[in-house]
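Asker: When you get a sec, could you give me coordinates for this:
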Amino acid sequence: MLSAVVLMAFVALVTYLHTAEPRLATVSDPERALALVVGRTMDAETALTAAPPWERRLYSLTLGDPGHELDQAIDWFEELSDYSLVPAVDLRLAILRGEAGHRERLGRAVEEWQTRGDPLDGYAEVIAAAYLGGEDVDADVVGDAVAALGAGWFADMLALRLATRFDEPALAVTARRSIAARAGPLLWRLRTLALLDVLLLGAGVVAVLALRRRPPEARATADAALPPPWPLRAGLAALVRGGAVSAVALLLLLAGNQWLADRPVFAEALDAPVMYVPVVLIAWRMLLAPIAVGFAGVFGLRPRPGGWRPLLLASLALVGAGVLLDAGLALGGGWLQLDSHWAEWFDSDLAWGPAAAVAVTLVASVVLAPVFEEIIFRGVLYGSLRARFGVWPAVVTSAAIFALAHGYGAAGFASVFLSGALWAWSYERTRSLLPGMIAHMANNAAVGLTLLWLLR
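Answerer: Predicted coordinates:
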């Protein structure tokens, strides 16, 4: 009961912080972060203009159309403008509105800036000259605006507009070369990622066909105990106690230890162990130790004789299914205008962190999280629910709790829920957590490497 109170209080605190604070408060340096995200997105849209029509159509199914991306970027920058006092945020928002043709709103913003002093009055001159047919502007004022923007899409688009407005071919050539220098490599990176998805999807289809040709008794990877050798009450008690210990440990870690604050990479390296290890250890102490069984046996972490081939096939099938699910969610989300907020998936360490921070983030997300989360959410939670309610109620309930624990919006919830349901179903069919762990690792690795490749 004490553990339940502690865990509920921690969940209430996290929920309050998540809803009371703006989403941008969770992002380190949101001004720089959003400028990077939107700039690379716009560079990607520019890169796709050089692709053949069929290729542009293929990407539009998952990446969205340029108009939608521009409108979404405006919405995100409007949100940031309400949160941040940095003048460059307003300048970037004005450029986006200018590119979208929102002349009326742009005109009102320029009139307001003219009364607010330096540097916004100078930015007003530049934006009016570029997008509203204003008079010529001093080169120093333009230089100040470009310096505030920094190198990238925003500065290049402003330079192109000014070059067109005042017939400056040399400035236009420089801006186009800068855009092409980013767009060309980015297009090939997008093609490489798309080809990798196609290969994984093809491998998944082949694996499914190979599994279907095998007799049902030869499709299992291991011999996990399902239902598990403990009742629902014991399983939930272990999760609650472990969750309470993890909550207290996380609060102590975040309490402001100056030594850890001066070593952010080390502090981040502690996050995953502090979050997961207490739950797993208490589950072992309460559920496995009394009946003298280990993790490998009860969760199918050791393939049985002849189980390596079905393990490989099941893992490939799950990875391919994950690619298909992501494509379907992206397509459905585009139709329904159901987009995830950029702050949900942005990671500053992957975007501009040092090598040590990148390594820590990838190890935590690609190795530790899949291993521990599969044991906790599929092995203990799904198994405990299955002991009382059967397969499909346990699949749906455990997947919903798994998705809620990630704290994403509607689009993110749907993605995590479907993945959790797929991996729970795989655990039931293969009698092993290993295929789900491998698919989970592949999914997290794809996200991390995509962010690394497209944002850096």
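Asker: got any ranges where the stretch 51-200 of the chain has weak pLDDT?
Answerer: Applying pLDDT under 70 to the stretch 51-200 of the chain flags the ranges 60-67.
Asker: the helices in it, which residues?
Answerer: Here the stretch 51-200 of the chain has its helices, by DSSP state H, counting those that start in this stretch, at 53-63, 66-83, 87-100, 103-113, 120-131, 139-149, 153-166, 169-213.
Asker: Next SSE downstream of the longest one?
Answerer: When you say that, I think you mean helix 169-213. helix 232-253 (DSSP states H and E).
Asker: What residues of that following helix count as buried?
Answerer: Neighbour-count burial for helix 232-253 flags 232, 234-250 (criterion: 16 or more other Cβ atoms under 10 Å). For glycine as for every other residue, the C-beta is placed from the backbone atoms N, C-alpha and C.
Asker: again, but for stretch 352-371
Answerer: For stretch 352-371, using 16+ other Cβ under 10 Å, the buried residues are 352-353, 357-358, 360-362, 364-366, 368-371.
Asker: Quick one: distance of that stretch to the chain centre.
Answerer: Distance of stretch 352-371 from the chain centroid (Cα atoms, centre = their mean, to the nearest Å) equals 13 Å.
Asker: again, but for stretch 406-413
Answerer: Counting by Cα atoms, centre = their mean, stretch 406-413 comes out at 10 Å from the chain centroid.
Asker: Name the nearest residue to Val395, ignoring sequence neighbours.
Answerer: Excluding the flanking residues, the one nearest Val395 by Cβ to Cβ, 6 or more residues apart in numbering is Ala424, at 4.6 Å.
Asker: In this model Ile401 seems to touch the one you found, though I could be wrong.
Answerer: No. Using Cβ atoms under 8 Å, Ala424 makes no contact with Ile401, being 10.9 Å away.
Asker: For the closest residue to Ser432 other than its chain neighbours, which three-state class applies?
Answerer: Computed as Cβ to Cβ, 6+ apart, the closest residue to Ser432 that is not its neighbour in sequence is Gly300, at 3.3 Å. Following DSSP: H, G, I helix; E, B strand; the rest coil, the label given to Gly300 is coil.
Asker: What's the separation between Gly300 and Pro370?
Answerer: Distance from Gly300 to Pro370, counting by Cβ to Cβ, to the nearest Å: 15 Å.
Asker: Spatially central residue for the chain, please.
Answerer: Nearest residue to the geometric centre of the chain (Cα atoms, centre = their mean): Trp345, 3.0 Å.
Asker: I figured that one was touching Leu451, is that so?
Answerer: Yes. Assessed by Cβ under 8 Å, Trp345 is found in contact with Leu451 at 7.5 Å.
Asker: Quick check: which ranges of the stretch 251-400 of the chain have low pLDDT?
Answerer: For the stretch 251-400 of the chain, the ranges with pLDDT under 70 are 256-259, 261, 333-338.
Asker: what about the helices in it?
Answerer: Under DSSP H, counting those that start in this stretch, the stretch 251-400 of the chain gives helices at 258-261, 264-283, 295-298, 308-336, 342-345, 348-352, 355-363, 369-373, 383-389, 391-406.
Asker: Export those helices as JSON lines, with columns for distance to Ala12.
Answerer: Formatted as JSON lines, the helices of the stretch 251-400 of the chain follow (distance: least, Cβ to Cβ, whole Å):
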{"stretch": "helix 258-261", "distance to Ala12": "25"}
{"stretch": "helix 264-283", "distance to Ala12": "18"}
{"stretch": "helix 295-298", "distance to Ala12": "32"}
{"stretch": "helix 308-336", "distance to Ala12": "30"}
{"stretch": "helix 342-345", "distance to Ala12": "21"}
{"stretch": "helix 348-352", "distance to Ala12": "27"}
{"stretch": "helix 355-363", "distance to Ala12": "28"}
{"stretch": "helix 369-373", "distance to Ala12": "22"}
{"stretch": "helix 383-389", "distance to Ala12": "23"}
{"stretch": "helix 391-406", "distance to Ala12": "14"}
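Asker: out of these, which comes closest to Ala151?
Answerer: With Cβ to Cβ as the criterion, Ala151 lies closest to helix 348-352 of the helices of the stretch 251-400 of the chain, at 13.9 Å.
Asker: packing partners for the closest one?
Answerer: If contacts are counted by 3 or more Cβ pairs under 8 Å, 6 or more residues apart in numbering; DSSP states H and E, helix 348-352 sits against helix 30-48, helix 355-363, helix 434-455.
Asker: Any idea which of those helices gets closest to Arg103?
Answerer: Per Cβ to Cβ, nearest to Arg103 of the helices and strands packed on helix 348-352: helix 30-48, 19.5 Å.
Asker: what angle do the closest one and helix 434-455 make?
Answerer: 90 degrees (axes from the mean of the first three to the mean of the last three Cα atoms, to 10 degrees).
Asker: What are the buried residues along helix 30-48?
Answerer: Buried residues in helix 30-48 (16+ other Cβ under 10 Å): 30-48.
Asker: same check, this time on stretch 390-400
Answerer: Applying 16+ other Cβ under 10 Å to stretch 390-400 flags 391, 394-399 as buried.
Asker: How about stretch 14-28?
Answerer: Buried residues in stretch 14-28 (16+ other Cβ under 10 Å): 23-24, 27.
Asker: got the buried residues of stretch 390-400 as TSV, with distance to Ala145 columns?
Answerer: Shown next, in TSV, are these (distance: Cβ to Cβ, whole Å):
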residue	distance to Ala145
Val391	61
Ala394	58
Val395	55
Val396	53
Thr397	54
Ser398	53
Ala399	49
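Asker: how much space is there between Gly306 and Arg214?
Answerer: Counting by Cβ to Cβ, the gap from Gly306 to Arg214 is 10 Å.
Asker: These two: which is more packed in?
Answerer: Arg214 (13 against 10; other Cβ atoms under 10 Å).
Asker: before we move on, the earlier item: tell me the one of the buried residues of stretch 352-371 nearest Val137?
Answerer: Trp352 (31.8 Å).
Asker: Let me see the contact set for that closest one.
Answerer: 32, 36, 456 (Cβ atoms under 8 Å, 6 or more residues apart in numbering).
Asker: same thing with Ala139?
Answerer: Counted by Cβ under 8 Å, 6+ apart, Ala139 has zero contacts.
Asker: and if you look at Ala356?
Answerer: Counted by Cβ under 8 Å, 6+ apart, Ala356 has contacts Val265.
Asker: List just the one of the helices of the stretch 251-400 of the chain that sits closest to Glu104.
Answerer: Closest approach to Glu104 among those (Cβ to Cβ): helix 342-345, 26.4 Å.
Asker: Just the buried positions in that closest one, please.
Answerer: 342-343.
Asker: for stretch 215-226, same thing?
Answerer: Quick answer for stretch 215-226 (16+ other Cβ under 10 Å): 219-222, 224-226.
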